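*Asks:* please find the sequence and the predicted model below.
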Amino acid sequence: MRALVTGGGGFIGKAIVERLARRGDTVRSLSRTLHPDLARLGVDSALGDIADSETVFRAVRGMDVVFHAAAKAGVWGSPEEYHRSNVTGTENVIAACKASAVPRLVFTSSPSVVFHGRDMEGVDESVPYPSRYEAPYPETKATAERLVLAADSPVLASVSLRPHLVWGPGDNHLVPRIVTRAKQGRLFKLSGPPRLVDSTYIDNAADAHILAADRLIPGKPPAGRAYFISNGEPWPVWKLVDGILVAAGLPPLKRSLPPLAAYAAGAVLALAHRALGLSGEPRMTRFLAAELSTSHWFDISAARRDLGYEPKITIDEGLKRLAESLRRTG
């Protein structure tokens, strides 16, 4: 098939591109910058901003399926920038799919779109969106997800996937943040009872996207639905963090901080950054403190049933592969 992957040079996007190319699909990537490694796979690279409608229309034309993985991620930043990338960009993708009669749209969402600041233990897709959000990323991703699901129709079948804490070789977000902060002595555990969290090894996340696209038919599941995606093996959050640190050749964490202190620090640091116009990201935010001090793991039985999804790479195996990759790349 002819497939467009927005954000094809990103972590999840690139993994999707590689799988499509390996099985012989014709692939185009849309991203802001050129990625020579994609060209070596025979991928056609379209350059431009997802928030520019003309760029998106040109990239979408002639496709059989669009994987919309491009987004502005993170826990800090301008709400306007998040809206531009995550909402306006998604509006452009939907409009382009309709104008070019593209029959299938697979959207990369996040479980954070339903995070309400409290424990989420084994919840399924019936859990509602919260009434308010602590950060612009989950808020704008929730808006985008609603747009994608509302666009589902007899001529455009759409589905939203919510992979949680995606990590593995090539990660340009979670793993580097953990490793860098640990090396700088700026990484602390939050004290209290163990909190279980889901995570998703990158190969499993990419597989879920391909499975969703292959099964996407108007009027039948998974069309018009959202699905939690994970490894299906919740771990204590600090066990996972320690596993990543050990894979990077670093010792496990020893120092800890009470959750209430972390939340208060997040509030103070956010105010200071805004008041003083500081660049960069605060060391802690309220959203991050809430994420790290609560359980969030999900029922993935719907993805198993409707997508045929089954995570193939366990966390233990993924950590071994991550360690090998980090040893090769330094």
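*Replies:* That came through, no problem.

*Asks:* from here on, just use CA atoms for contacts and neighbour counts.
*Replies:* Will do.

*Asks:* just to check, residue 197 is in contact with residue 297?
*Replies:* Yes - counting by Cα atoms under 8 Å, residue 297 is a contact partner of residue 197 at 5.1 Å.

*Asks:* between the two, what contacts are shared?
*Replies:* Listed as contacting both residue 197 and residue 297 by Cα atoms under 8 Å, 6 or more residues apart in numbering are residue 234.

*Asks:* residue boundaries of the helices in the stretch 101-250 of the chain?
*Replies:* If you assign secondary structure with DSSP state H, counting those that start in this stretch, the helices in the stretch 101-250 of the chain sit at 136-150, 174-183, 202-214, 237-247.

*Asks:* mind listing what's buried in the shortest one?
*Replies:* Spelled out, it's helix 174-183. By neighbour count with 16 or more other Cα atoms under 10 Å, helix 174-183 contains the buried residues 175, 178, 179, 182.

*Asks:* identify the residues contacting the second one.
*Replies:* When contacts are counted by Cα under 8 Å, 6+ apart, residue 178 is found next to 187, 241, 244, 245.

*Asks:* identify the residue with the minimum pLDDT among those residues.
*Replies:* Ranked by pLDDT, those bottom out at residue 187 (79).

*Asks:* nearest residue to that one in space, ignoring adjacent ones along the chain?
*Replies:* Distances taken as Cα to Cα, 6 or more residues apart in numbering put residue 181 closest to residue 187, at 5.3 Å, once the chain neighbours are dropped.

*Asks:* could you do residue 298 as well?
*Replies:* Excluding its sequence neighbours, the residue lying closest to residue 298 (Cα to Cα, 6+ apart) is residue 122, at 4.4 Å.

*Asks:* how about the one you found, what does it touch?
*Replies:* Residue 122 makes contact with 296, 297, 298, 299, according to Cα under 8 Å, 6+ apart.

*Asks:* most neighbours among those residues, please name it.
*Replies:* Compared across these, residue 297 has the highest neighbour count, 27 neighbours, by other Cα atoms under 10 Å.

*Asks:* now that one. Its backbone dihedrals?
*Replies:* phi -140, psi 150 (degrees, to the nearest 10).

*Asks:* for it, what are its contacts?
*Replies:* If you count contacts by Cα under 8 Å, 6+ apart, residue 297 has them with 120, 121, 122, 123, 196, 197, 198, 234.

*Asks:* shouldn't the fourth one be in contact with residue 299?
*Replies:* In other words, residue 123. Yes - counting by Cα under 8 Å, residue 123 touches residue 299, with 5.6 Å between them.

*Asks:* what about the strands in the stretch 151-300 of the chain?
*Replies:* Assigned by DSSP state E, counting those that start in this stretch, the stretch 151-300 of the chain shows strands spanning 157-163, 166-167, 189-190, 196-197, 200-201, 226-229, 235-236, 256-257, 296-298.

*Asks:* worst mean pLDDT among those strands?
*Replies:* Here the lowest mean pLDDT among the strands of the stretch 151-300 of the chain goes to strand 256-257, at a mean of 71.

*Asks:* counting contacts, what elements does that one pack onto?
*Replies:* In terms of contacts (3 or more Cα pairs under 8 Å, 6 or more residues apart in numbering; DSSP states H and E), strand 256-257 is packed against strand 189-190.
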